[in-house]
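K.L.:
predicted model and sequence below, questions to follow.
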Amino acid sequence: MKFTPTLLLVYNRPKTTKKLINALSHIKPRKIFVSSDGPKNNEDKILCDEVKDIISKINWKCIVKKKYNKKNLGCKESVSQALNWFFKINKFGIILEDDCIPNKDFFNFSDIMLKKYYNNGKIGAITGNNFLKKKIKIKNKYFYSKYANCWGWATWRSRWKLYEKKISFWPKFKKTKKWENFFASKEEKTYWEFIFDKAYKNQDDSWAYPWTLSLWKNDKLTVTPSKNLVKNIGKNSSRSLFNFLFKSYKAERLSLQNIKFYKEVKLNNEVEKVVFRNHFKKNILFLKKFVYLSSQLFNLGQNK
């Protein structure tokens, strides 16, 4: 567990970064990679320097490699470059943003699943997040999902190579039968088309949406724990348009003794419906309001 390479995505939040490092001090990972975007202004530089100082005080026995941008590249570009750097060096690894606080079971879970599914082409990622709110009981220690939630996650170099930052394939992909039949409901399909339309037009500075779509395009699923293993303490993870609406979930303990592995990689459609309803559906009203207000502002501009 301690030897699984771990990438920390930090920036200008010294308070959350300090809590993350404190959590890691109980686990003591031996290979730590740290990436930070550059500051936007002088005020930002002070916060970024505070974060770097916290990183410099990691005091357990480990190797720490750093990639600090001199200029601000924005979330999508900075994180994309960080992950390219990380996986150029490592064949697999764990990724944590500065506001994602993992427990020890997350590292154990990631380590077990990274080894188990290393050569399984149906799996694209491993997440530490569970957004079921116990509304569906998972008999096993994990399940498969199409949602690659990234508040603490892991993957392999070979899967990261599938990442297409610009999602240039999106206009054609959304017209395919594969996309048409991908969702359990029309509202779920509408939700994600809105998200990816914005991502394609560079109207959202998120690397996570292109990553999710890249996995979907390539028929990859995500290994998901039966309990939530990472707590998000930030107000705006990944600096995405809608993530500030997501409530934080507490991290729970998950015993991994006597774990039973599935013989077949298969989605549980009932579980997928609950995940969408609990974690994404509540944003649909916000989306409708956003679209309405955007159209009103556009009309005002046209009438001037």
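P.N.:
Right, received. Where do you want to start? Residues are numbered from 1 along each chain as shown.

K.L.:
check contacts around Lys141.
P.N.:
109, 225-226, 254-256, 259-260 (C-beta atoms under 8 Å, 6 or more residues apart in numbering). For every residue, glycine as well, the C-beta is placed using N, CA and C.

K.L.:
quick one: it from Phe92, how far?
P.N.:
From Lys141 over to Phe92 the distance is 20 Å, taken as C-beta to C-beta, to the nearest Å.

K.L.:
ok, now Asp44?
P.N.:
To Phe92, Asp44 is 33 Å away according to C-beta to C-beta.

K.L.:
compare those two and say which is more crowded by neighbours.
P.N.:
Phe92 (21 against 15; other C-beta atoms under 10 Å).

K.L.:
so what's the residue count around the closest residue to the more buried one other than its chain neighbours?
P.N.:
Closest residue to Phe92 apart from its sequence neighbours, by C-beta to C-beta, 6 or more residues apart in numbering: Trp156 at 4.5 Å. Other residues near Trp156 come to 20 when the count uses other C-beta under 10 Å.

K.L.:
just to revisit the earlier point, now the contacts of Lys141 as CSV including neighbour count and pLDDT?
P.N.:
Output for these, formatted as CSV (neighbours: other C-beta atoms under 10 Å; pLDDT from 0 to 100):
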residue, neighbour count, pLDDT
Phe109, 29, 97
Pro225, 24, 97
Ser226, 19, 95
Leu254, 21, 95
Ser255, 10, 93
Leu256, 14, 93
Ile259, 15, 93
Lys260, 9, 93
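
K.L.:
closest one of those residues to Asn59?
P.N.:
Phe109 (26.0 Å; C-beta to C-beta).

K.L.:
Val274 versus the closest residue in space to Ser110 that isn't next to it in sequence, what's the distance?
P.N.:
Among residues not flanking Ser110 along the chain, Ala154 sits closest, at 4.3 Å (C-beta to C-beta, 6+ apart). For Ala154, the distance to Val274 (C-beta to C-beta) stands at 23 Å.

K.L.:
out of the two, which sits in the more crowded spot?
P.N.:
Between Ala154 and Val274, counted using other C-beta under 10 Å, Ala154 has the larger neighbour count: 27 against 16.

K.L.:
quick check: bridge partners of that one?
P.N.:
Ile94, Ile126 (DSSP bridges).

K.L.:
pLDDT score assigned to it?
P.N.:
Ala154 is assigned 98 on the pLDDT scale.

K.L.:
my guess is it meets Gly124, correct?
P.N.:
No: the criterion here is C-beta atoms under 8 Å, and Ala154 misses it with Gly124 at 10.9 Å.
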